[in-house]
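> below are the sequence and a predicted model for it; my questions follow.
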Amino acid sequence: MTKETDNIMDRNLVLDIVRVTEAAALAAERQVGRGDKVTADQVAVDAMRDALNALDIQGRIVIGEGERDEAPMLYIGEEVGTGKGPKVDIALDPLEGTDITAAGRSNALAVIAMTDEGGFLNAPDVYMQKMAVGPGIDPNILDLDAPVADILQRIADEKNDRIEDLTVCILERSRHEDLIHDVRASGARIRLIGDGDVSAVIATTDPQKTGIDVYIGSGGAPEGVLAAAALQCIGGSMLGRLTFRNDVERARAEKWGIADFNAVYTTDQLAKGDNVIFAATGVTDGTMVRGVRRTPDGAKTSTLVMRSKSGTVRHIEATHNFARKTWWDKY
């Protein structure tokens with residue numbers, strides 16, 4: 001990336017991507033609690049796509065809603081933006097937590113990350129085994145194959161805590177029954193979540209606020225890349241390994257350039273470089289940001305936006321006046 005392009009990334013895109021996640025969150029919020037996750041996801045996708053295409057970028061989606069035949073919009077490989085400005089790779093989830101939104105529960109987000117070309121792992125839509133911690137923990141103590149009790153003891157030692165003082169966040173899934181048993185047997189506490197593991201990984205970066213010290217378990221690989229992008233900006237460490245249920249998923253991985261099916265990826269390998277920018281706007285209230293709040297004239301949004309180059313973390317509270325805009329009438 002040239003110095004000129006680097007300056008463009010610094011000057012414009014940090015706030016531009018906030019507008020993108022705000023658009024998706026405002027559209028999705030109208031579907032909160034309505035029990036229709038498909039519509040909630042679709043309106044978020046539509047709004048995010050419109051906002052992206054207004055940006056002066058040459059954008060390519062590498063983590064999106066699926067492959068072209070599976071997703072009519074924001075599919076992997078889709079080009080977005082005006083075609084002017086820097087070339088960037090984009091990872092996104094217009095609505096992280098579709099079930100959460102449909103049910104009106106906490107921690108639904110609109111999420112996006114950008115970086116230089118080739119900066120994100122081209123993760124196929126399969127599961128990923130994940131382990132994540134916040135800043136101040138030596139990443140070398142993490143190990144996806146070691147007994148979980150050993151890992152938790154190492155983390156407790158790093159934090160000068162007892163293992164009983166740790167809280168581990170895990171997706172509540174049947175595939176995690178053994179993991180849950182082993183974590184409890186170690187003496188650590190567990191916070192089970194129904195969905196939203198990007199938010200859960202980010203929560204490990206501020207355990208005093210969120211009460212979460214560690215994230216462990218398997219979830220979507222695309223979400224793993226998004227979470228790694230956030231950690232690259234705010235600090236923290238993550239390991240990820242793709243897991244496959246059948247040959248169809250392995251073939252999908254090969255298509256996107258995955259050669260080693262057993263590779264363990266670090267934060268830098270999932271989302272590398274000094275030019276990662278990340279934004280997440282709350283759809284519903286969560287551990288890191290508040291959800292959309294309706295006002296008589298519009299709405300208020302809360303967004304977390306970060307840059308890896310500077311380590312800057314901004315919390316942006318925006319007031320949107322609906323009387324002066326009409327784009328969301330489509331949703």
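All right, it came through fine.

> give me the number of residues near the nearest residue to residue 14 once chain neighbours are set aside?
Excluding the flanking residues, the one nearest residue 14 by Cβ to Cβ, 6 or more residues apart in numbering is residue 277, at 5.6 Å. C-beta here means a position set from N, CA and C on the backbone, and glycine is covered the same way. Here the count is done by other Cβ atoms under 10 Å, and residue 277 has 26 residues near it.

> cool, and residue 102?
Neighbours of residue 102 under the rule other Cβ under 10 Å: 21.

> again, but for residue 114
For residue 114, the count of nearby residues is 28 (other Cβ under 10 Å).

> separation between the nearest residue to residue 34 once chain neighbours are set aside and residue 192?
Leaving aside its chain neighbours, residue 34 sits nearest to residue 102 (6.7 Å; criterion: Cβ to Cβ, 6+ apart). Distance of residue 102 to residue 192, given as Cβ to Cβ, to the nearest Å: 19 Å.

> residue 33 now?
Residue 33 is 21 Å from residue 192, by Cβ to Cβ.

> list of residues touching stretch 96-107?
28, 31-38, 40-41, 95, 108-111, 193-196, 198-200, 223, 226, 280, 283-287 (Cβ atoms under 8 Å, 6 or more residues apart in numbering).

> list the buried residues in stretch 207-217.
Under the neighbour-count criterion of 16 or more other Cβ atoms under 10 Å, stretch 207-217 has 207, 210, 212, 213, 214, 215, 216, 217 buried.

> avg pLDDT for that stretch?
Stretch 207-217 comes out with an average pLDDT of 96.

> could you check how far that stretch is from the centre of its chain?
The chain centroid and the centroid of stretch 207-217 are separated by 15 Å under Cα atoms, centre = their mean, to the nearest Å.

> do the same with stretch 48-62
Centroid separation between stretch 48-62 and its chain, computed with Cα atoms, centre = their mean, is 18 Å.

> in that stretch, which residues are buried?
Across stretch 48-62, burial judged by 16+ other Cβ under 10 Å covers 48-52, 54-55, 57-62.

> any chance of these in a markdown table, with distance to residue 262 too?
Output for those, formatted as a markdown table (distance: Cβ to Cβ, whole Å):
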| residue | distance to residue 262 |
| --- | --- |
| 48 | 34 |
| 49 | 35 |
| 50 | 40 |
| 51 | 38 |
| 52 | 35 |
| 54 | 42 |
| 55 | 38 |
| 57 | 35 |
| 58 | 34 |
| 59 | 32 |
| 60 | 28 |
| 61 | 27 |
| 62 | 22 |
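
> from these, which land in helices?
When the buried residues of stretch 48-62 are checked against helices (DSSP state H), the matches are 48, 49, 50, 51, 52.

> which residue packs closest to the second one, ignoring adjacent ones?
It refers to residue 49. residue 73 (5.1 Å).

> helix/strand/coil for the one you found?
Put simply, residue 73 is coil when judged by DSSP: H, G, I helix; E, B strand; the rest coil.

> separation between it and residue 114?
Per Cβ to Cβ, residue 73 is found 18 Å from residue 114.

> for this protein, which segments count as strands?
Remark: strands assigned in the chain by DSSP state E are 58-63, 79-80, 87-96, 109-115, 127-133, 167-171, 189-193, 214-220, 237-243, 265-266, 277-282, 293-295, 298-307, 313-321.

> which strands and helices sit next to the last one?
For strand 313-321, the elements it packs on are helix 14-29, strand 298-307, judged by 3 or more Cβ pairs under 8 Å, 6 or more residues apart in numbering; DSSP states H and E.

> what comes up buried for it?
313, 316, 320.

> per-residue pLDDT, the closest residue to the last one other than its chain neighbours?
Same thing as residue 320. Counting by Cβ to Cβ, 6+ apart, residue 298 is the residue found nearest to residue 320 once chain neighbours are left out, at 4.5 Å. Residue 298 is assigned 92 on the pLDDT scale.
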